[in-house]
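1. show me the folded form of this:
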Amino acid sequence: MVHIAIMKKSWGLTQKILTGEKTIETRWYKNKSSPWNKIKKGEIIYFKDSGEPITVKAIVKRVEQYSDLNDEKIKSILKKYSNKDLGTKEISDEIRNYVKGKKYCIIIHITTPKSIKPFDIDKKGFGMMCAWMCVEDVNSVKVLK
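-> The predicted structure follows:
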């Protein structure tokens, strides 16, 4: 299985993956959504900013999953991982508001980030608002030019 992570462009996180400032990817959910129970050590994640082509790939080093989150658990996870996730120890109000009320969190430790030749994907069948895709082969969603 390979994964495609669609990142919020305004947060500038794909570049932080390449510089090594960002060594984990977190996903926060109200319900169990991909990649919950679908991602494993050794798999590849392709990263793209929303509205842009895929430009980065990395390998999954380790996966942690947290459930039954409450405000205290969320605060603890943010404190422990914000520097590795956001490249900063400062947790903005935007991030606090984003994770508020979430019940599930996946922490994906990544290694060996690389810049790759950009390519577009077709999200048809995954939903336009989809932020994570799990596919057997990245070529199955690659747009051929």
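2. hey, let's count contacts and neighbours off CA atoms from now on
-> OK.
3. helices of the chain, start to end?
-> Taking DSSP state H as the test, the helices found in the chain are 13-19, 71-86, 93-99.
4. which one of those helices lies closest to Ile54?
-> Evaluated over those, closeness to Ile54 peaks at helix 13-19, with 9.8 Å, by CA to CA.
5. now the closest one: mean pLDDT?
-> Mean pLDDT, helix 13-19: 94.
6. got the buried residues for it?
-> Buried residues in helix 13-19, counted by 16 or more other CA atoms under 10 Å: Leu13, Thr14, Lys16, Ile17, Leu18.
7. now, which of those sits nearest Ile4?
-> Nearest to Ile4 out of the buried residues of helix 13-19 is Thr14 (CA to CA; 12.4 Å).
8. separation between the closest one and Leu144?
-> 23 Å (CA to CA, to the nearest Å).
9. Ile121 is nearest to which of the helices of the chain?
-> Closest approach to Ile121 among the helices of the chain is made by helix 13-19 (16.6 Å; CA to CA).
10. which residues sit against the closest one?
-> Met7, Lys22, Thr23, Phe47, Lys48, Asp49, Val56, Leu86, Gly87, Pro113, Lys114, Ser115 (CA atoms under 8 Å, 6 or more residues apart in numbering).
11. and the residues you listed, which is closest to Lys32?
-> Distance to Lys32 across the contacts of helix 13-19 (CA to CA) is lowest for Met7, with 18.5 Å.
12. quickly list what the closest one is bridged to.
-> Counting by DSSP bridges, Met7 is bridged to Asp49.
13. now do the contacts for it.
-> The contact partners of Met7, by CA under 8 Å, 6+ apart, come to Leu13, Thr14, Phe47, Lys48, Asp49, Ser50, Ala131.
14. of the residues you listed, grab the buried ones for PyMOL.
-> The command below creates a PyMOL selection of those among the contacts of Met7 that count as buried (16+ other CA under 10 Å):
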select buried, resi 13+14+47+48+49+131
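15. output the contacts of Met7 as CSV; include the columns distance to Asn37.
-> CSV is the format used below for the contacts of Met7 (distance: CA to CA, whole Å):
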residue, distance to Asn37
Leu13, 24
Thr14, 24
Phe47, 19
Lys48, 22
Asp49, 24
Ser50, 24
Ala131, 16
